[in-house]
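*Asks:* any chance you could fold what I've pasted below:
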Amino acid sequence: MKYSTMFVISLLFIVPRLVLAETLPVVNSFSTDFISVTSETPYQTTIAIYGENLGYLLDDTISVTIGPLTASSVAGNSTGMNATFTIDVSALTEAEATYPLVISNNGVAVVSSSTLFTLYNPYALSYVETQPRKFLNAVERPHKRTKQTVGLNVHWTLGGDSSLDDMYEERLTDSHTTWAREHFSYKLIIGDDSDAWLKRYDQIMLRYRDSDVRVVGMLAYGDASDEFGAPSTQDWKRFVRLVVKRYRNYVDVWEIWNEPDSSTYMQPNNWKTYRPLLKTGSGIIREYDPDAIVLNGAIADIADHSFTNKLYDNGSRYFDELNVHLYYCDEYRDDGKSLGRLQSDWESYLSIIKKHRSDEPIWITELGCSTGLDGVNKKMVKTYLRSATKLLLSYDNIRPILLYTFRDRSYLSDYEAEFGLLTDEVKTKSAWRWYKLLSRK
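*Replies:* Next up, the predicted model:
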């Protein structure tokens, strides 16, 4: 679904004789063409209208409407107007509908935008099961690298601005990507600019839906003052409930936190800190999205079995399938392009898992290699990802492997900035060209 901001205005019919044609407004663009309901309590939202002769809208006989919405006030000048609408969830009975913006004089429409506004009301949605287990169990070649077994960390909402949306969608569609990982940020969704971020997530979830992409949703972290500290139980409940209820029709798999065994992403990084988040989060997910798969926050270090043992010993009932991250690119480089250390650590880790739950399905929600590492170039990234995915999928019960990550992010440090299969400008690298050519099934 593409949301253009440019509009062409068409005259519907001859206007009343008292209104001269040259006085009609010319509308060039709007601040947005997507209106998302972000609260069950009525609130106001303002849309900026840019063009010429917009003083016309100030006349008492003029109304501005978008479907069931009528502007309660209009203010501005001849080249820019702000139209304010009251968003009342009870008045928007459809979950998703499109309408032109219409300017009327004494109830007679005189101008209508040719491009449509989308009115999105998630509160009107009925729960629809996405059936991830059925999909995963029907994978035709679970030991082969296909788009069913290899996906991407996309993080579209947080990693790309709206000017890149069409390019993101084009890349995902052209590559037939099936699985994408998306970070739902506690800090942003609960923060002061919550409405704007919910609207942004809404737009991205609809794009994933329209591109037929299945989503792994990561719920993390804390607030701006202590981002990697655990929120209070009540605040965490509020966040998880809001996100899961809103996006359950678009997310197949929910991941609770990220790398809780790592001091980088959880402070303090111990089971005592993590347990309440996993327990509370899984309970809410199972209440509101019972069809979804619940994952633990990915284990960062599979060579250290202590956190995994505590996870199973004390929290196995709080997650459905295991989730890990694997970063062995530096060992691959140092060992002459050998995956020996990855294989050794992986088989040791599997032996531990089997003691807790036999035939445990395992998700690898991050597997990556950065050209920010000394001695690693784009060709090595491709060969590492190609070899590592082949090795890992040779084992039984491997769920999708999600490559890290969709594109470079130059605003980060060199190492973190250069994991992308695509450049910052969404241009292809050799790793992307390899990924794109993987068969769909």
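*Asks:* longest strand in this protein, by residue count?
*Replies:* Determined from DSSP state E, the single longest strand within the chain is strand 43-52.
*Asks:* just checking, what packs against that one?
*Replies:* With contacts taken as 3 or more CB pairs under 8 Å, 6 or more residues apart in numbering; DSSP states H and E, strand 43-52 sits against strand 26-30, strand 80-87. (Glycine included, C-beta is placed from N, CA and C.)
*Asks:* lowest average confidence across the ones you listed, which one?
*Replies:* When mean pLDDT is averaged over each of these, strand 26-30 scores lowest at a mean of 92.
*Asks:* what is the following helix or strand past that strand packed up against?
*Replies:* Next along the chain after strand 26-30, taking DSSP states H and E as the criterion, comes strand 34-36. Counting contacts by 3+ CB pairs under 8 Å, 6+ apart, strand 34-36 is packed against strand 117-120, helix 194-210.
*Asks:* deepest-packed of these, please.
*Replies:* Most buried of those, by mean neighbour count (mean count of other CB atoms under 10 Å): strand 117-120, with a mean of 21.
*Asks:* helix or strand next in line after that one, which one?
*Replies:* Using DSSP H and E, the next helix or strand after strand 117-120 towards the C-terminus is helix 132-137.
*Asks:* quick one: contacts of that next one?
*Replies:* 214, 252, 253, 291, 292, 293, 361, 399, 400 (CB atoms under 8 Å, 6 or more residues apart in numbering).
*Asks:* now do the third one against residue 208, distance only.
*Replies:* As judged by CB to CB, to the nearest Å, residue 253 and residue 208 stand 13 Å apart.
*Asks:* same thing with residue 30?
*Replies:* 24 Å.
*Asks:* same thing with residue 254?
*Replies:* Using CB to CB, we find residue 254 at a distance of 15 Å from residue 208.
*Asks:* how about residue 324?
*Replies:* 24 Å.
*Asks:* residue 76: neighbouring residues, count only.
*Replies:* 16 (other CB atoms under 10 Å).
*Asks:* same question, residue 273
*Replies:* Neighbour tally, residue 273, other CB under 10 Å: 15.
*Asks:* what pLDDT does the closest residue to it other than its chain neighbours get?
*Replies:* Closest residue to residue 273 apart from its sequence neighbours, by CB to CB, 6 or more residues apart in numbering: residue 230 at 5.3 Å. We have a pLDDT of 96 for residue 230.
*Asks:* repeat that for residue 115.
*Replies:* Value listed for residue 115 in the pLDDT field: 83.
*Asks:* that one: how many residues sit nearby?
*Replies:* Applying other CB under 10 Å, we find 16 residues neighbouring residue 115.
*Asks:* check contacts around residue 296.
*Replies:* By CB under 8 Å, 6+ apart, the contact list for residue 296 reads 255, 256, 260, 278, 311, 315, 318, 319, 322, 323.
*Asks:* one more pass at 7 Å, please.
*Replies:* 256, 278, 311, 319, 322, 323 (CB atoms under 7 Å, 6 or more residues apart in numbering).
*Asks:* export the helix or strand the third one falls within as PDB, just CAs?
*Replies:* Read it as residue 311. Taking DSSP H and E as the definition, residue 311 sits inside helix 306-315. The C-alpha trace of helix 306-315 is given here as PDB (Å, rounded to 0.1, in the frame of the first residue of the first chain):
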ATOM      1  CA  SER A 306      23.800 -20.800  32.500                       C
ATOM      2  CA  PHE A 307      21.000 -18.400  31.400                       C
ATOM      3  CA  THR A 308      19.500 -21.000  29.100                       C
ATOM      4  CA  ASN A 309      19.300 -23.600  32.000                       C
ATOM      5  CA  LYS A 310      17.600 -21.100  34.200                       C
ATOM      6  CA  LEU A 311      15.200 -20.200  31.400                       C
ATOM      7  CA  TYR A 312      14.100 -23.800  31.100                       C
ATOM      8  CA  ASP A 313      14.300 -24.700  34.800                       C
ATOM      9  CA  ASN A 314      12.200 -21.800  36.000                       C
ATOM     10  CA  GLY A 315      10.400 -20.400  32.900                       C
END
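*Asks:* quick check: mean pLDDT across the following helix or strand past it?
*Replies:* With elements assigned by DSSP H and E, the helix or strand that comes after helix 306-315 is strand 322-326. Averaging pLDDT along strand 322-326 gives 98.
*Asks:* check which residues of strand 322-326 are buried.
*Replies:* Across strand 322-326, burial judged by 16 or more other CB atoms under 10 Å covers 322, 323, 324, 325, 326.
*Asks:* mind putting the residues you listed into a markdown table with distance to residue 353?
*Replies:* Formatted as a markdown table, the buried residues of strand 322-326 follow (distance: CB to CB, whole Å):
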| residue | distance to residue 353 |
| --- | --- |
| 322 | 7 |
| 323 | 12 |
| 324 | 10 |
| 325 | 15 |
| 326 | 14 |
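*Asks:* need the max-distance pair from those.
*Replies:* 322 and 326 (12.6 Å; CB to CB).
*Asks:* and the residue nearest to the spatial centre of the chain, how far is that from residue 146?
*Replies:* Nearest residue to the geometric centre of the chain (CA atoms, centre = their mean): residue 182, 3.8 Å. Distance of residue 182 to residue 146, given as CB to CB: 21 Å.
*Asks:* and the contacts of the helix or strand the residue nearest to the centre of the chain falls within?
*Replies:* Using DSSP H and E, residue 182 maps to strand 179-185. For strand 179-185, contacts defined as CB under 7 Å, 6+ apart pick out 151-158, 208, 213-220, 243, 365, 400, 402.
*Asks:* redo that, cut-off 6 Å
*Replies:* Applying CB atoms under 6 Å, 6 or more residues apart in numbering, the external contacts of strand 179-185 come out as 151-155, 158, 213-219, 243, 365, 400, 402.
*Asks:* list the contacts of the residue nearest to residue 279 when sequence neighbours are not counted.
*Replies:* Nearest non-adjacent residue to residue 279, counting by CB to CB, 6+ apart: residue 318, 5.2 Å away. Contacts for residue 318 were tallied using CB under 6 Å, 6+ apart; they are 278, 279, 282.
*Asks:* pick out whichever of those sits closest to residue 141.
*Replies:* The closest of these, once distances to residue 141 are taken by CB to CB, is residue 282, at 30.9 Å.
*Asks:* part of a helix, is that closest one?
*Replies:* Yes - according to DSSP: H, G, I helix; E, B strand; the rest coil, residue 282 belongs to a helix.
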